[in-house]
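Enquirer: build me a model from this:
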Amino acid sequence: MTEQPLIGEAVAIAAEPRLAGAKIGVVTFPGTLDDRDAARAVRLAGATPVALWHADTTLADVDAVVIPGGFSYGDYLRAGAIARFAPLMSKIIDAANSEARLPVLGICNGFQILTESHLLPGSMIKNDHLKFLCRDQVLRVENTATAWTGDYTAGQEITVPLKNQDGQYIADEKTLDALEAENRVVFRYVGWNPNGSRRDIAGITNEAGNVVGLMPHPEHAIEAGFGPENGSGTEGLGFFTSVLNKIVGDNK
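Expert: The predicted model follows:
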């Protein structure tokens, strides 16, 4: 029997001192569930998480932003549709589209918010089987040129948890063809498409590569012994180390 590490002992990497000055904002909306998990992932990667509230009117000089999963505003309209109009989102949209190209990661409900905000194309609808689904999911990394995937290799398969009800990614054929042609599909589902997403798409990026959205939850796969059973349990941490290395590289 393999002994499992204790909580707090399962740090996947040693935090590098050169990354400690980076600040990653983690946004909380009413109904957000995974903000503390995202903040822990940022901390384990070596940066400082900064709590951002949906009603804030400043980004607090952060170097990147994570929009975590959950059910913003209860998803009472379309998932993410109300969150799109939060005061902080206007700041995020402007910063992501500015010359500085602020890195933004949207996870699950965060991905939905990014599509509703038109930072990413397409939309999210209910799973094709019309049920909430929670499982470990294998993803294939298709694009390593984004701010959030530089520490992976093209074609690498990683396992991270998936939990959603409105996880089916859709777009018209013209948009899908453009995403394929421009190498903007960042992740695909492997083995089984869990929600009916077009072309097995699990995550995409914008043209500049600074904004990435995906349905599965990398922040739940950052510590050995506490992540997915299939894999190392730490394969989601690369999202957070990738953006830190990007920030440090840009600031040299």
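Enquirer: all strands of the stretch 1-150 of the chain, in order?
Expert: With DSSP state E, counting those that start in this stretch as the criterion, the stretch 1-150 of the chain has strands at 23-28, 48-53, 64-67, 104-107, 123-125, 133-141.
Enquirer: nearest to Pro87, out of those?
Expert: Nearest of the strands of the stretch 1-150 of the chain to Pro87, taken as Cβ to Cβ: strand 48-53 at 9.3 Å. Bear in mind the C-beta positions are built from the backbone N, C-alpha and C, glycine included.
Enquirer: ok, back up a step: how about the strands of the stretch 1-150 of the chain in TSV, adding mean neighbour count?
Expert: What follows is the strands of the stretch 1-150 of the chain, written out as TSV (neighbours: other Cβ atoms under 10 Å):
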stretch	mean neighbour count
strand 23-28	24
strand 48-53	17
strand 64-67	29
strand 104-107	29
strand 123-125	20
strand 133-141	18
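Enquirer: want to throw those into JSON lines with mean pLDDT?
Expert: Listed next are those as JSON lines, based on pLDDT from 0 to 100:
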{"stretch": "strand 23-28", "mean pLDDT": "98"}
{"stretch": "strand 48-53", "mean pLDDT": "97"}
{"stretch": "strand 64-67", "mean pLDDT": "98"}
{"stretch": "strand 104-107", "mean pLDDT": "98"}
{"stretch": "strand 123-125", "mean pLDDT": "96"}
{"stretch": "strand 133-141", "mean pLDDT": "96"}
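Enquirer: can I get these in a markdown table with distance to Asp75?
Expert: Below are the strands of the stretch 1-150 of the chain laid out as a markdown table (distance: least, Cβ to Cβ, whole Å):
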| stretch | distance to Asp75 |
| --- | --- |
| strand 23-28 | 16 |
| strand 48-53 | 19 |
| strand 64-67 | 14 |
| strand 104-107 | 15 |
| strand 123-125 | 10 |
| strand 133-141 | 15 |
